[in-house]
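Q: Sequence below, structure please.
(2 chains)
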2 protein chains.
Amino acid sequence: MEFSREELGDIYAFAVELGKQAGQMLLDAAKLRMGDGSKEEKEHVQKENAVDLVTETDEDVEAFIKGRILEKYPSHKFVGEESYSKGTRRDYLIDDSPTWCVDPLDGTVNYIHLFPMFCVSIGFSHNSKPLIGVIHAPFLNQLFSSCSGRGAWLNETQPLPLIRNPIPPMPEKAPSGCIFSCEWGKDRRDDPNGNMHRKIESFVNMAAEIGGRQGRGGMVHGIRSLGSATLDLAYVAMGSLDIWWEGGCWEWDVAAGIAILQESGGLITTANPPEECATAPIEEVRIGSRLYLAIRPAGPSATETGRAGQERTVREVWRRVRNLDYSRPGA
Amino acid sequence: MEFSREELGDIYAFAVELGKQAGQMLLDAAKLRMGDGSKEEKEHVQKENAVDLVTETDEDVEAFIKGRILEKYPSHKFVGEESYSKGTRRDYLIDDSPTWCVDPLDGTVNYIHLFPMFCVSIGFSHNSKPLIGVIHAPFLNQLFSSCSGRGAWLNETQPLPLIRNPIPPMPEKAPSGCIFSCEWGKDRRDDPNGNMHRKIESFVNMAAEIGGRQGRGGMVHGIRSLGSATLDLAYVAMGSLDIWWEGGCWEWDVAAGIAILQESGGLITTANPPEECATAPIEEVRIGSRLYLAIRPAGPSATETGRAGQERTVREVWRRVRNLDYSRPGA
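A: Model prediction:
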């Protein structure tokens, strides 16, 4: 089965509307915690702690989205955090069926603290290929969306990437000149072989002066950590972050972001460097791999195509990072 | 000389208006680079590289703000990056005069890449005390403002901190439970005693599991790096970031943020731990010290006042960080 352009357009319009409503639910629940609600609401809020309230919102928003999708498209598959926890077969969640992959709340720690970098993420794929992505960060008034063949957009009117007349090539000495986005994650074991130390070594290689770190210094223009994998991907699609490198996310964190990034012209592959990182083929991302390296959309320079510049950047990152240790139960 | 409440209110209204206009100038110049401008504008943009264009915008916005201030308040002093570079006496820029301390563009690297975390920062102080702060991040539609005695605000209507019924106490085991905000900075020397390595060691101590790092592991809830000292401070005032620790900024990066943070109930002192960090007095920040540690507004718990919780957090941070090496020429 294939979707016609018209059918896909209908699904896209539905997904955008759903993203807007779900984002509004997140913002409404946040405002309640700010103390803008009614007297009864305030009492409800004061009875529980922030983490419980956020879990409740997370579940409410997922139930809302899932209900709306199964009502409108009863034959489609729905994948979310809950599906994963309850599933028996954990290696692949996204197969060739028409599948919705949803994170009702990405950036949960940010949301608990009311730091604005949180969002809802709604991805739709078919034949294992991400086709539609909607990311709504309601506190930032930012709605990112894309549909295969129809472009990627900020707030439905501004095409992505933002700078496009022309789209800048990757810097000649990338990662120098690039903004590098990364997250510290939840694995904080103080073990030289644990993920925290693997990440830190990689971050420091990317940051250090050229010539430093035994020749691995990348002297990136800036390092950013936002606390939301989904928004990291959205900002790479925007062209605002040049490189995002991360391990440990799940399908629902990245499905919509990958759709938007690919539609904008970005590249996404694996975080872990292959053995021959200077020459190995740059493989298409596997959505469920938990290991991601994304490069922003890039135009051609006088000497190379945009794709060649992206691939050169991938190899320069691989040369500076350690393998991360994230796997899947059952995989 | 003292300002009456009415006089200060007039200066505040003027500063807010100025912040709105200057932020709009930043956004207009950004949109030009996105390719939304006219044909002539596009040609102008394509002729120059992004960094030159940003320098031009930076200078234009500073000239606009300086001109408006000196026209309206010819007896006031104006301090900006330019004043510093041209000045002979570099140890103190803010004295007891009524002084405007302005950064036309904070988050310059973000602005070059069109990552939304950039802003204009306008501070007004008298008798060396920050009285008024205005921070406008136009791509985020966020205007932070405060005036001594009149509260701190987001978009002029939402009081800061956001969560205020009641304002949450600092977590019992802070820095655990806190979002820790920090920046990698420009000093990237790969020298074990350089600022990059001093920072990294400190970041890792704050991040690592409890019991790790020879008992220094702080297991913070999250680590964020936004690339704008000014917005870091604004988000601490909002209560969204719990702790900000940084060295190397200048007066114009922090003057407005300190005003807003203090008016919201936050605490700000020095980044560098004193010798007896468990008992040393927690000194008031010196605006020009280049070393800052900010703690969000905090309410009382059952066992301590809000201020006691903040001071406890300051000491827990000091216990985990290294001294940073930033000084002033002439100081």
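Q: all helices in chain A, in order from the N-terminus.
A: All helices of chain A, identified by DSSP state H, fall at A:5-34, A:39-47, A:50-72, A:81-86, A:108-113, A:195-207, A:212-215, A:229-238, A:251-264, A:306-318.
Q: Once you drop chain neighbours, what's closest to whichever residue of the stretch 51-200 of chain A sits closest to chain B?
A: At 2.9 Å from chain B, residue A:190 is the closest residue in the stretch 51-200 of chain A, using Cβ to the nearest Cβ. All C-beta atoms are positioned from the backbone trio N, CA, C, and that covers glycine. Nearest residue to residue A:190, sequence neighbours excluded (Cβ to Cβ, 6 or more residues apart in numbering or on different chains): residue B:212, at 2.9 Å.
Q: Hmm, that neighbour is touching residue A:188, no?
A: Yes: counting by Cβ atoms under 8 Å, residue A:188 is a contact partner of residue B:212 at 7.3 Å.
Q: and the closest residue to residue A:96 other than its chain neighbours, how many residues sit next to it?
A: What sits nearest to residue A:96 in space, not counting adjacent residues and going by Cβ to Cβ, 6+ apart, is residue A:127, at 4.9 Å. Residue A:127: 12 surrounding residues under other Cβ atoms under 10 Å in any protein chain shown.
Q: where does residue A:127 land on pLDDT?
A: Residue A:127 is assigned a pLDDT of 92 by the prediction.
Q: wait, isn't it in contact with residue A:99?
A: No: contact criterion Cβ under 8 Å: residue A:127 and residue A:99 do not qualify, at 9.8 Å.
Q: In chain A, what helix or strand scores lowest on average pLDDT?
A: Least confident helix or strand, chain A: helix A:39-47 with a mean of 55, by mean pLDDT, DSSP states H and E.
Q: Return the residues in contact with the residue in the stretch 201-331 of chain A positioned nearest to chain B.
A: Using Cβ to the nearest Cβ, the single residue of the stretch 201-331 of chain A nearest to chain B is residue A:212, 2.8 Å away. Counting by Cβ atoms under 8 Å, 6 or more residues apart in numbering or on different chains, residue A:212 touches B:188-190.
Q: Return the member of those residues nearest to chain A.
A: Chain A lies nearest to residue B:190 out of the contacts of residue A:212, by Cβ to the nearest Cβ, at 2.8 Å.
Q: out of everything not next to it in sequence, what's closest to the residue nearest the centre of chain A?
A: In chain A, the centroid-proximal residue (Cα atoms, centre = their mean) is residue A:230; its distance is 2.9 Å. Of all residues not flanking residue A:230 in the chain, residue A:106 sits nearest, at 3.9 Å (Cβ to Cβ, 6+ apart).
Q: ok, so what distance separates that neighbour from residue A:250?
A: For residue A:106, the distance to residue A:250 (Cβ to Cβ, to the nearest Å) stands at 10 Å.
Q: ok, those two, which is more surrounded?
A: Between residue A:106 and residue A:250, counted using other Cβ under 10 Å, residue A:106 has the larger neighbour count: 27 against 20.
Q: Quick check: beta-bridge partners of that one?
A: Counting by DSSP bridges, residue A:106 forms beta bridges with residue A:119.
Q: Verify the stated contact: it with residue A:232.
A: No: when contacts are counted by Cβ under 8 Å, residue A:106 is not listed as touching residue A:232 (9.7 Å).
Q: Residue A:309 is in contact with residue A:302, isn't it?
A: No: applying Cβ under 8 Å as the test, residue A:309 and residue A:302 come out as separate, 11.3 Å apart.
Q: Have a look at the two and say which one is more surrounded.
A: More neighbours surround residue A:309 than the other of residue A:309 and residue A:302, with 23 against 5 (other Cβ under 10 Å).
Q: What residues does the more buried one make contact with?
A: Neighbours of residue A:309 in contact, by Cβ under 8 Å, 6+ apart: A:169-170, A:174, A:298, A:300-301.
Q: Next: residue A:208.
A: Residue A:208 sits next to A:216-219, B:188-190, B:196 when contact means Cβ under 8 Å, 6+ apart.
Q: Buried ones among those residues?
A: Buried members of the contacts of residue A:208, counted by 16 or more other Cβ atoms under 10 Å in any protein chain shown: A:216-219, B:188, B:190, B:196.
Q: between those residues, which is nearest residue B:29?
A: Distances from residue B:29 to the buried ones among the contacts of residue A:208, taken as Cβ to Cβ, are shortest for residue A:219 (26.6 Å).
Q: Model confidence score at that closest one, please.
A: We have a pLDDT of 98 for residue A:219.
Q: likewise residue A:328?
A: At residue A:328, pLDDT is 76.
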